[in-house]
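When you get a sec, could you give me coordinates for this:
(one chain, ligands or ions: 1)
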Amino acid sequence: STQIQLVARPQGWPVDGDFRMTTVELAEPGPGQVRVVNEYISVDPYMRGRMNDVKSYVPPFALGETMTGGAVGRVVASTVDALKVGDVVVHQLGWRDVAQGDAAQFRVVPEVAGVPVSANLGVLGMTALTAYVGLLEVAQMVPGDTVFVSGAAGAVGSMVGQIARLKGAARVIGSAGSDAKVALLTGRYGFDTAFNYKSGPVTDQLAAAAPDGIDVYFDNVGGDHLEAAIATLNDGGRAALCGAIAQYNSTDAPVGPRNMANIVGRGLMLKGFIVGTYLQHYPAFAAEMAGWLAAGEVVFDETVVDGIEHAVDAFGSLMRGANTGKMLVQIARP
Ligand code: NDP
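Residues are numbered from 1 along each chain as shown. Below is the predicted model of the structure:
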């Protein structure tokens, strides 16, 4: 099995020397074990946090050990009845081409005609669930709300915008880091308006996009985006704090919003969340999303990098914004 290991803790932006690719000999699957050929592995922003040696909601990656993360693959050998050769499974043994372990680590997913198996890592998986629960459960969006989402052309953000529209938002505003992405937001994902955060101060651009303010902010970015949202939220506004990617590779202490007094004066609610604590909403999400996909009411994009040997590049590209929609690494071609 070809695997990617973390060998040094990145200082600031990760570099190639922080990782190594290695070959691990696998024994024949023991009793209760299965072997899976990975078809796609996920690279996700949260993995940057796991590369640091700090206490968090997920423990750090261990140095010298193979990294883990979401993956989807196909069973090629099995010693248990519940998992059959050919089954498509999702699991957390990513960053390798072949995964092997106890059957309980692997969850069979149905193959849906017209939906690629990679969707289990995006539009039918963790990132879209994050959008769904963050918008509806955490920020408690209701019909008629004006919604702003940052990182809007990414895996989570592109779903937030579309779900908001489908759930009756009055107006959906997005920000992203290139003019091409901004064009996709309004042209493909149905945002009412969007702006390129690199073209001018976020506070000014958001104020222009939302003359009547916003009611909900879905924060993927933190920093100046969060400050701009706090400046723009209407009385009783709600923000779901999902991530703060602007600071993940920074070696400086993060700068907090300078306008926190608005939280008091306008009765705002800012609530952080981790998708893992909302898994009870998965069945409702999966049913609703399957319906939207079948009806063509949700569209999704994937940016696919080819080959386990390019997984580290894919991760770096994700952090730099080279992706539209879900960033994936394709491993095996069935
Ligand atoms: P994305 O697909 O959105 O990819 C990351 C994007 O971040 C890039 O494409 C880039 O887009 C943008 N970005 C990078 N640097 C900056 C910056 N300095 N300022 C603004 N945007 C930047 O990733 P995900 O959809 O997987 O994740 C989005 C966010 O959601 C992340 O913050 C992540 O940590 C968080 N998350 C949280 C979860 C939770 O449970 N709380 C679960 C899943 C994700 P651009 O070109 O627009 O700059």
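
contacts and neighbour counts: CA atoms only from here.
Will do.

Would you mind naming what in the chain lies close to the ligand?
Neighbours of the ligand within the chain, by Cα under 6 Å from any ligand atom: 44-46, 127, 130, 151, 154-157, 176-178, 220-221, 242-246, 273-275, 318-323, 325-326.

Just list the residues touching residue 281, thanks.
When contacts are counted by Cα atoms under 8 Å, 6 or more residues apart in numbering, residue 281 touches residue 133.

So it, which state does it fall into?
Following DSSP: H, G, I helix; E, B strand; the rest coil, the label given to residue 281 is helix.

and it, how far is that from residue 137?
Separation of residue 281 from residue 137 (Cα to Cα, to the nearest Å) stands at 9 Å.

ok so, going back, identify those among the residues of the chain next to the ligand that sit within helices.
Of the positions in the residues of the chain next to the ligand, 46, 127, 130, 155-157, 318-320 sit in helices, assigned by DSSP state H.

need these in CSV with neighbour count, can you?
Shown next, in CSV, are those (neighbours: other Cα atoms under 10 Å):
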residue, neighbour count
46, 14
127, 23
130, 25
155, 27
156, 27
157, 28
318, 20
319, 20
320, 12
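
Emit the ChimeraX select command for whichever of the residues of the chain next to the ligand are buried.
Applying 16 or more other Cα atoms under 10 Å to the residues of the chain next to the ligand, the buried members can be selected in ChimeraX as follows:
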select :44,127,130,151,154,155,156,157,176,177,178,220,221,242,243,244,245,246,273,275,318,319,322,323,325,326
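
mind putting the ones in helices among the residues of the chain next to the ligand in a markdown table, pLDDT included?
Shown next, in a markdown table, are these (pLDDT from 0 to 100):
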| residue | pLDDT |
| --- | --- |
| 46 | 97 |
| 127 | 98 |
| 130 | 98 |
| 155 | 98 |
| 156 | 99 |
| 157 | 99 |
| 318 | 98 |
| 319 | 98 |
| 320 | 98 |
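
now, which of those residues sits nearest residue 300?
residue 155 (8.3 Å; Cα to Cα).

For that closest one, list the residues it contacts.
Counted by Cα under 8 Å, 6+ apart, residue 155 has contacts 122-123, 127-128, 301, 324-327.

Now the spatially most central residue of the chain: closest residue in space, sequence neighbours ignored.
In the chain, the residue lying closest to the centroid (Cα atoms, centre = their mean) is residue 127, at 4.0 Å. Among residues not flanking residue 127 along the chain, residue 156 sits closest, at 5.1 Å (Cα to Cα, 6 or more residues apart in numbering).

wait, that neighbour sits on residue 131?
Yes - Residue 156 lies in contact with residue 131 (Cα atoms under 8 Å); the separation is 5.4 Å.

mind listing what residue 229 touches?
By Cα under 8 Å, 6+ apart, residue 229 lies in contact with 148, 203, 206, 214, 217.

Can you add secondary structure and give these back as TSV?
Formatted as TSV, those follow (three-state DSSP):
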residue	secondary structure
148	strand
203	helix
206	helix
214	strand
217	strand
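
residues near the closest residue to residue 181 other than its chain neighbours, how many?
Spatially, and ignoring its direct neighbours in sequence, residue 181 is nearest to residue 153 (6.1 Å; Cα to Cα, 6+ apart). Neighbours of residue 153 under the rule other Cα atoms under 10 Å: 31.

State the distance from residue 153 to residue 324.
From residue 153 across to residue 324, the span is 6 Å (Cα to Cα).

about what we covered before: so which of the contacts of residue 155 would you say is closest to residue 14?
residue 327 (17.0 Å).

Can you tell me the SS state at the nearest residue to the closest one once chain neighbours are set aside?
In space, and not counting its chain neighbours, residue 327 is closest to residue 303: 4.9 Å by Cα to Cα, 6+ apart. Classification of residue 303 using three-state DSSP returns strand.

Residue 303 touches residue 325, doesn't it?
Yes - here residue 303 reaches residue 325: they are 6.6 Å apart, a contact under Cα under 8 Å.

show me where the stretch 51-200 of the chain has helices.
Taking DSSP state H, counting those that start in this stretch as the criterion, the stretch 51-200 of the chain carries its helices at 126-133, 155-166, 179-187.

Which of the ones you listed sits closest to residue 91?
helix 126-133 (11.5 Å).

centre of the chain versus the closest one, how much separation?
In this view, helix 126-133 has its centroid 8 Å away from the chain centroid, taken as Cα atoms, centre = their mean, to the nearest Å.

Can I get it in PDB? Just the C-alpha atoms.
What follows is helix 126-133 as a C-alpha-only set of coordinates in PDB (Å, rounded to 0.1, in the frame of the first residue of the first chain):
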ATOM      1  CA  MET A 126     -19.400  15.400   5.300                       C
ATOM      2  CA  THR A 127     -19.100  18.800   3.500                       C
ATOM      3  CA  ALA A 128     -22.700  19.100   2.400                       C
ATOM      4  CA  LEU A 129     -23.900  17.900   5.700                       C
ATOM      5  CA  THR A 130     -21.900  20.600   7.300                       C
ATOM      6  CA  ALA A 131     -23.600  23.200   5.100                       C
ATOM      7  CA  TYR A 132     -27.000  21.800   5.900                       C
ATOM      8  CA  VAL A 133     -26.700  21.600   9.700                       C
END
